[in-house]
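Novice: give me coordinates for this.
(chains A and B)
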Amino acid sequence: MLTAVDNHVLGEFLARSEAAPTRDAFLCDTLECAARFKLVVDKMLVQVEEYRERGLMGVQLLGLEREKALEAQADLLDVSAGQLRTCVALGRAAVAGGDDGRVCEAAQTAKAMEALLAVPTRLCTGTRSAVVCALACLEKGTRLQDYVVDAARSTVTGNGLTAFANDGVARNVICVTCMDGDRELADWATLADADVGMTVNGAAWQVASADLTEPGVLEVTYVVEEGGAEEMEVGVSLRGVAVSGSPWRPHAGCMAKGVHIATLPLARLMDYKGLAISSDGSLMVSVGLGTHQLDVYRTEDGSYVRSFGDRGTGPGEFSYPYSVCMTARDTVLVGEYGNNRIQEVTLEGVHVMFIPLGGPPTAWPCMETSWQCL
Amino acid sequence: MAVHGDLVAVPVDLVVPCIELYDYTTRTLVRILRIKAGGGSICFTPDGKHVAVNDAESIKLMSVDGQSARPIGEGYWSGVAFTCTGDVICVTSESVSVFSATDGMLLRSWTAQTDVADTDCVTVFSDRLYALTHGRVHVYQ
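Specialist: Okay, the predicted model is just below:
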């Protein structure tokens, strides 16, 4: 039911964006409308739940939602041009000034926009970069609406895993990520194998399997010849609608699937700085900025092993440690903000040496012509 | 901070954001590579010839001799690491993306755990990615 409301209001503000006199107005319109629309929908959801609790029947419920939908449209039409411009100015100033608080404020709006308009995550990854992306679209004169159309609420976000099976063929997997939250997922849950099609280098290709492996992610497995072309143009379609067109390469490297396999809670602190793994993979170390200590945990299960160090300037003592890394000798380098140095210690806490920071530079290369030497 | 062989790379985000490269053996500063901003996360390529660091606009892949630099992965990234095959892993509050170090092409991307928020503490060991945030380490394979 809400999908119909969604489409109606979405169409309304896309129409408004077409009529926007400037690109700024268009972006603001999109952001502001999306945010306002989300608020309206949130309120509607709450009210629908209330009505359900009161035992109202379906016909009455539908009538009330239709009424709320009309209110939502009226809300959108009330957005003033001044408010819209302020929105873009806020985002730009926040990004330019590096003001995280204001970036977050603007990003919340962009976040709502991203969720509703399904801007592909590969273009807008991360909360803050959602704002950067939106502004980049604006700067390039690209209308966000184009992405809405292209994305079609779905996009291929990754290619992965070339696993060589016993029969001597390579099975490739393409992950198609649902971009529109639970609503799209519910639709996908009804997908039959026949709904998923794919092409390789423009030719129809057999899909070995298509599985919903986690919320919002469809994995499409297909078979290619072992030792075949390293680059292939692969496309996936859902019920005849193409959702990709970019070249994806088979990849046999590590972390091919990006599967989350464990969460290891660290017992002593919530605010660690830095993370390093011992050469045999059994231990991980991190430092506490406020505790001035280095803590050691087991990688297997996250269990606590030991801590060492104390606040100070001597060997084995730390002052505001903020980063760690592991050397090839399996010792730990600890960056200390308070002592302005790097200290090398063993995994048992034995001091090895200091490297003082802040010495005179011997070279200040400007990396490339497009960079400014500050 | 990152180390490869005798070279230690330290991101410095004070008046002039930069990467300081120190010689482990002589304990001296050998070179400074300038960046635009950020620099909270840094790592060496598996061959030690480049460092990757986050700045405000992308991950910058810079040669340690200071002769070249190019962006990988447009946008804001809080953490960076390399896979065992030399691809660039970029982490944000919401996703983990892997880019080709050769041509910058997005190879794959997946949604991060919800509390992997702006972590710059990411590291790779063997075939696993460890991302630290809020007292938890999330492990991906």
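Novice: low-confidence bits of chain B, can you list those?
Specialist: Within chain B, the ranges that satisfy pLDDT under 70 run B:13-16, B:37-39, B:84-85, B:93, B:113-120.
Novice: return the residue of it that is most distant from the centre.
Specialist: Most distant residue from the mean C-alpha position of chain B: B:T26, 24.7 Å away (C-alpha atoms, centre = their mean).
Novice: helices of chain B, start to end?
Specialist: Under the criterion DSSP state H, chain B contains no helices.
Novice: look up phi and psi at the residue farthest from the centre of chain B.
Specialist: phi -90, psi -10 (degrees, to the nearest 10).
Novice: any idea how far it is from A:N339?
Specialist: 20 Å (C-beta to C-beta, to the nearest Å). C-beta: built from backbone N, CA, C; applies to glycine.
Novice: mind checking the end-to-end distance for stretch B:50-68?
Specialist: Between the opening and closing residues of stretch B:50-68 lies a distance of 9 Å (C-alpha to C-alpha, to the nearest Å).
Novice: buried ones in that stretch, by neighbour count?
Specialist: B:50-64, B:66 (16 or more other C-beta atoms under 10 Å in any protein chain shown).
Novice: for my notes, confirm A:A194 occurs in a strand.
Specialist: No. If the criterion is DSSP: H, G, I helix; E, B strand; the rest coil, then A:A194 is helix and not within a strand.
Novice: for it, give its distance to A:S237.
Specialist: Remark: distance between A:A194 and A:S237 (C-beta to C-beta) = 11 Å.
Novice: repeat for A:T331
Specialist: Per C-beta to C-beta, A:T331 is found 54 Å from A:S237.
Novice: could you do B:C18 as well?
Specialist: From B:C18 to A:S237 the distance is 48 Å (C-beta to C-beta).
Novice: between these two, tell me which one has more neighbours.
Specialist: More crowded of B:C18 and A:S237, by other C-beta atoms under 10 Å in any protein chain shown: B:C18, with 21 against 16.
Novice: ok, the residue nearest to A:I342 when sequence neighbours are not counted - contacts?
Specialist: Of all residues not flanking A:I342 in the chain, A:I355 sits nearest, at 4.1 Å (C-beta to C-beta, 6 or more residues apart in numbering or on different chains). Going by C-beta atoms under 8 Å, 6 or more residues apart in numbering or on different chains, A:I355 touches A:L333, A:R341, A:I342, A:Q343, A:E344, B:V8, B:Y22, B:Y24, B:R27.
Novice: now check stretch B:22-39, is it near chain A?
Specialist: Yes. For stretch B:22-39, a contact with chain A is found by C-beta under 8 Å from any C-beta of the partner chain, at B:Y22, B:Y24, B:R27, B:T28, B:L29, B:V30, B:R31, B:I32, B:L33, B:R34, B:K36, B:A37.
Novice: give the buried residues for that stretch.
Specialist: If you call a residue buried by 16+ other C-beta under 10 Å, then stretch B:22-39 has these buried ones: B:Y22, B:Y24, B:R27, B:L29, B:V30, B:R31, B:I32, B:L33, B:R34, B:I35, B:G38, B:G39.
Novice: just stretch A:287-304 next, same as before
Specialist: Within stretch A:287-304, the residues that count as buried by 16+ other C-beta under 10 Å are A:V287, A:G288, A:L289, A:T291, A:H292, A:Q293, A:L294, A:D295, A:V296, A:Y297, A:T299, A:G302.
Novice: per-residue pLDDT, the residue lying closest to B:V139 once chain neighbours are set aside?
Specialist: Leaving aside its chain neighbours, B:V139 sits nearest to A:A262 (4.2 Å; criterion: C-beta to C-beta, 6+ apart). For A:A262, the model assigns a pLDDT of 82.
Novice: neighbours of A:A262, how many?
Specialist: A:A262 has 16 neighbours, counted by other C-beta under 10 Å.
Novice: next one: the one 10 residues further on
Specialist: A count of nearby residues for A:Y272, using other C-beta under 10 Å, gives 25.
Novice: can you check the one 4 residues further on too?
Specialist: Each residue near A:A276 was counted by other C-beta under 10 Å, and the total is 26.
Novice: surely it meets A:T327?
Specialist: No. Contact criterion C-beta atoms under 8 Å: A:A276 and A:T327 do not qualify, at 9.3 Å.
Novice: pLDDT weak spots in chain A?
Specialist: Across chain A, the stretches falling below the confidence threshold (pLDDT under 70) are A:1-193, A:211-236, A:238-258, A:359-374.
Novice: kindly state the domain boundaries assigned to it.
Specialist: A:2-147, A:154-248, A:272-356 (automatic domain parsing).
Novice: quick one on the thing from earlier: joint contacts of A:A276 and A:T327?
Specialist: Counting by C-beta under 8 Å, 6+ apart, nothing touches both A:A276 and A:T327.
Novice: count the neighbours of A:E317 for me.
Specialist: The tally of other residues near A:E317 (other C-beta under 10 Å) stands at 17.
Novice: swap in B:K49?
Specialist: B:K49: 11 surrounding residues under other C-beta under 10 Å.
Novice: now A:A203
Specialist: As a burial measure, A:A203 scores 8 neighbours (other C-beta under 10 Å).
Novice: list phi and psi for it.
Specialist: Backbone torsions for A:A203, taken as degrees, to the nearest 10, come to phi -100, psi 150.
Novice: same question for B:A101.
Specialist: phi -70, psi -20.
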